[in-house]
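# A predicted structure for the sequence below; I have some questions about it.
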Amino acid sequence: MKILHLSDVHLGRAQYRLPEREEDYARAFEEALRLGKSADVVLTTGDLFDSRRPQWRTIVRLVEALESHGLEMYVIGGNHDFSYVRHRGEGSAYLADTVFGLLAKLKSLRLLCWDSADVGGVYIYGACATPREYLAEYRERLRKMPQGAVLAIHQNVAGLESRYAVEEDEYTMPPDVYRELPYLHIAAGHVHEHYARHRVGALWAGSLEIWDVGEFETWEYVGAWRKTSEIAAKGAVLLDVAGRAVSHKSMPVKPARPMYRLRAHVRDGKELEASVEEAVRLFDRAGAVVVFEVFGEVEKRPRQLAERFSRALYVNFVDKTAARELTTAVSGPAWGEVMRLMREQLGEHAEVVLRVMDLVREGQREAALRVMYKALYD
């Protein structure tokens with residue numbers, strides 16, 4: 001039995017509010033289905049959609065893709081497209097008021113949320129995304145899985161070794177949760193790194209497209225541009241289950257476009273000009289997404305330099321200079337009044353809101369959520 005394991009597809013996500021990036025996510029999904037055409041079924045371990053209420057065009061695109069490839073899909077709910085808190089204890093009643101309910105009626109997919117399915121003699125048991133505060137309930141529900149099942153989860157597991165920084169969040173479970181459970185293999189989601197593994201027997205398919213700036217191809221400027229990391233690998237996993245043995249194979253999906261994170265460390269305006277001039281020559285490519293971070297002591301407004309890029313799809317200058325008050329993108333009396341009102345109404349939390357806004361602008365939505373949750377709960 002061959003299972004195409006996908007995860008964190010995030011259909012409908014228009015990164016940086018770009019329709020082109022929404023299209024990139026859809027095409028990555030279709031490419032993964034094409035690569036996995038030899039599979040018997042598809043298993044998506046959470047965040048099939050980027051939101052709990054995807055737009056109709058996103059739903060239609062999904063249905064058309066599945067029909068064109070003739071693949072049967074099983075999914076679990078991720079933290080983006082499912083709420084454990086809202087639907088605790090509801091079981092299959094969860095289907096009634098979600099997009100998964102509609103798709104189930106259309107027989108386009110089946111949601112496995114604390115439920116199992118027999119796919120050609122192999123059981124898949126789905127465990128929807130669960131916050132760590134419900135750990136005891138989570139553990140009890142996992143005990144209901146059939147013997148020798150492929151366990152589908154949407155969680156991080158503490159101690160995961162990964163190339164890219166994976167911060168522990170409210171969906172991080174301790175490894176002991178999975179101890180002495182009768183699973184054959186854990187097909188995992190939530191962590192976006194392709195082919196990440198944990199000693200508990202979990203394997204993450206990772207997302208199919210570049211998620212945030214931490215996964216971009218990264219270059220540092222200190223007198224000259226030097227590459228410090230490649231763009232993150234993305235893809236699906238083909239599982240082959242035969243009796244009590246499971247083998248797996250990486251199925252890479254190439255990112256749709258160049259994604260550059262440029263970090264310029266400069267001492268003055270002249271050096272900033274030189275770094276931008278060279279960056280335009282090296283990175284101003286058709287369709288590219290460029291995030292240019294400026295560090296140092298300069299008074300020139302870095303954002304004005306974005307106009308030098310003429311071919312890139314999107315360029316965002318992120319001001320991280322010491323003279324931030326001179327280089328912020330929003331300024332003037334009106335902005336000063338907004339800041340005064342924010343501090344008056346929000347007190348110390350005004351800075352939290354500004355930090356969240358910065359992270360969202362940089363495309364780091366998960367980091368923004370963590371900052372917000374920490375402020376709320378603290």
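Great, that's in hand.

# domains for the protein, by residue range?
The chain breaks down into these domains under automatic domain parsing: 2-210+232-252, 330-378.

# What residues does Glu215 make contact with?
Tyr164, His192, Ile231, Ala232, Met259 (CB atoms under 8 Å, 6 or more residues apart in numbering). Just so you know, the C-beta spots here come from the backbone N, C-alpha and C atoms, and that holds for glycine as well.

# Just confirm the fourth one contacts Leu208, I think it does.
No - at 11.2 Å, Ala232 does not count as touching Leu208 under the criterion of CB atoms under 8 Å.

# ok, Arg226 - contacts?
Taking CB under 8 Å, 6+ apart as the test, what Arg226 contacts is Trp219, Glu220.

# and the helix or strand encompassing it, C-alpha only, in PDB?
For Arg226, the host element (DSSP states H and E) is strand 225-229. Taking Å, rounded to 0.1, in the frame of the first residue of the first chain, the C-alpha atoms of strand 225-229 are listed here in PDB:
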ATOM      1  CA  TRP A 225      27.600  39.600  -0.800                       C
ATOM      2  CA  ARG A 226      28.100  36.000   0.500                       C
ATOM      3  CA  LYS A 227      25.500  33.200   0.500                       C
ATOM      4  CA  THR A 228      24.900  31.800   4.000                       C
ATOM      5  CA  SER A 229      22.100  29.300   3.300                       C
END
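
# Can you tell me the strand partners of it and which way each runs?
strand 217-221 (antiparallel) (DSSP bridges).

# Can you list the buried residues in the strand it pairs with?
Neighbour-count burial for strand 217-221 flags Glu217, Thr218, Trp219, Glu220, Tyr221 (criterion: 16 or more other CB atoms under 10 Å).

# now do stretch 35-48
Those would be Leu35, Gly36, Ala39, Val41, Val42, Leu43, Thr44, Thr45, Gly46, Asp47, Leu48, for stretch 35-48 by 16+ other CB under 10 Å.

# On the three-state scheme, the residue lying closest to the third one once chain neighbours are set aside is what?
Closest residue in space to Ala39, ignoring its immediate chain neighbours: Leu4 at 3.7 Å, by CB to CB, 6 or more residues apart in numbering. At Leu4 the chain is in strand, as set by DSSP: H, G, I helix; E, B strand; the rest coil.

# Can you name every helix or strand that the longest helix that the chain contains contacts?
When every helix of the chain is counted residue by residue (DSSP state H), the longest turns out to be helix 19-35. Helices and strands touching helix 19-35, by 3 or more CB pairs under 8 Å, 6 or more residues apart in numbering; DSSP states H and E, are strand 2-6, helix 56-69, strand 235-242.

# elements contacting the helix or strand just after it?
For helix 19-35, the succeeding helix or strand toward the C-terminus, using DSSP H and E, is strand 41-45. Using 3+ CB pairs under 8 Å, 6+ apart as the contact test, the elements touching strand 41-45 are strand 2-6, strand 72-76, strand 149-154, strand 183-189.

# Provide the contact partners of strand 41-45 at residue level.
1, 3-9, 33, 36, 66, 71-76, 78, 119-120, 124, 150, 152-154, 187-190, 205, 239.

# now it against strand 72-76, angle please.
Strand 41-45 and strand 72-76 are oriented at 20 degrees to each other (axes from the mean of the first three to the mean of the last three CA atoms, to 10 degrees).

# Roughly how far does Pro255 sit from Gly46?
Per CB to CB, to the nearest Å, Pro255 is found 21 Å from Gly46.

# Check Ala233 too.
19 Å.

# So for Ala232 and Leu208, which sits in the more crowded spot?
The residue with more neighbours, out of Ala232 and Leu208, is Leu208; 28 against 22, by other CB atoms under 10 Å.

# still on that earlier bit, what's the closest of the buried residues of stretch 35-48 to Arg263?
The closest of the buried residues of stretch 35-48 to Arg263 turns out to be Asp47 (CB to CB; 28.5 Å).

# Thought Gly12 was touching the closest one, still the case?
No - checked against CB under 8 Å, the pair Asp47 and Gly12 is beyond contact range at 10.6 Å.

# Residues that sit against both of the two, list them.
Joint contacts of Asp47 and Gly12 (CB under 8 Å, 6+ apart) do not exist.

# show me what contacts Arg163?
Contacts of Arg163 (CB under 8 Å, 6+ apart): Glu193, Ala232.

# My error: substitute Tyr123 in the last question.
Ser116, Ala117, Met145, Pro146, Gly148, Ala149, Val150.

# In which helix or strand does it reside?
Assigned by DSSP H and E, Tyr123 falls in strand 122-127.

# now could you export just the CA positions of that strand as PDB?
C-alpha atoms of strand 122-127 as PDB (Å, rounded to 0.1, in the frame of the first residue of the first chain):
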ATOM      1  CA  VAL A 122      -3.600  -0.600   6.300                       C
ATOM      2  CA  TYR A 123      -5.200   1.600   9.000                       C
ATOM      3  CA  ILE A 124      -4.700   5.300   9.200                       C
ATOM      4  CA  TYR A 125      -5.600   6.900  12.500                       C
ATOM      5  CA  GLY A 126      -6.000  10.700  12.500                       C
ATOM      6  CA  ALA A 127      -5.300  13.000  15.400                       C
END
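
# Cool, thanks, talk later.
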